[in-house]
Structures are given as C-alpha cells and as structure tokens.
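> Sequence and predicted structure are below.
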Amino acid sequence: MKTTTKRSFFKTSISQYVIRKRMSIAQRLLFNAQKKLGNIATEVGYSDIYQFSKQFKKTFGVSPSKYCAQQQNKTLS
C-alpha cells in the first residue's frame, strides 16, 4: 500500500494551500466591496494590511483596491 504525503495530495505545500484559500476568500469579500480593506485583511488572517496587499497583488496581479474598483466598474456596466 502506497502512502501519500499531504504535499502530493494538495499538489502544493500546506502554507501555499493556506495562502490560496485566504486569497480566494479575500477575492469574494472584495467583490462585494462593502467592507474596508483592513477588515478584510483581518478577516482572512492578516494582521498587517500591507502584507495582505502584497500577497493579494502577487496572487492576482493587481492591488486589492484596484481589484475592487474593477469589480465595481463591471457591475455598473
């Protein structure tokens, strides 16, 4: 019987999996744009808004505020 490691099951490290989940939740929260950025950062597990913003931009290629503005423009169109 072959055992599988967590890394092979998730196809990534645990820390990368957690980051991906946090960013997915942040993306949904920013889509609604009714919460402040600092509150969203805290809600997804970041005590530092700058670290949150840096990770969000690294993940999605745009800053959280720009993402939020893009989503609002799509909604208004």
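Right, received. Where do you want to start?
> Show the low-confidence segments of this protein, by residue range.
Within the chain, the ranges that satisfy pLDDT under 70 run 1-10, 33, 75, 77.
> Give me the contacts around the helix or strand in which L29 is found.
Mapping L29 onto the secondary structure by DSSP states H and E places it in helix 14-32. Applying Cβ atoms under 8 Å, 6 or more residues apart in numbering, the external contacts of helix 14-32 come out as 6-7, 10, 12, 35, 40-41, 43-46, 52, 55-56, 59-60, 64, 67-68, 71. C-beta: built from backbone N, CA, C; applies to glycine.
> Return the subset of those residues lying in strands.
Counted as lying in strands by DSSP state E, out of the contacts of helix 14-32, is not a single one.
> Narrow these to those that are buried.
Among the contacts of helix 14-32, those classed as buried by neighbour count (16 or more other Cβ atoms under 10 Å) are I40, A41, V44, Y46, F52, Q55, F56, P64, Y67, C68.
> Just put those residues in TSV and tack on distance to L76.
Compiled in TSV, the buried ones among the contacts of helix 14-32 are given as follows (distance: Cβ to Cβ, whole Å):
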residue	distance to L76
I40	21
A41	25
V44	26
Y46	29
F52	26
Q55	28
F56	22
P64	19
Y67	15
C68	13
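> Tell me the gap between the helix or strand K74 falls within and the middle of its chain.
Using DSSP H and E, K74 falls within helix 64-76. Put simply, helix 64-76 sits 15 Å off its chain's centre (Cα atoms, centre = their mean, to the nearest Å).
> for stretch 32-39, same thing?
Chain-centre distance of stretch 32-39: 13 Å, with Cα atoms, centre = their mean.
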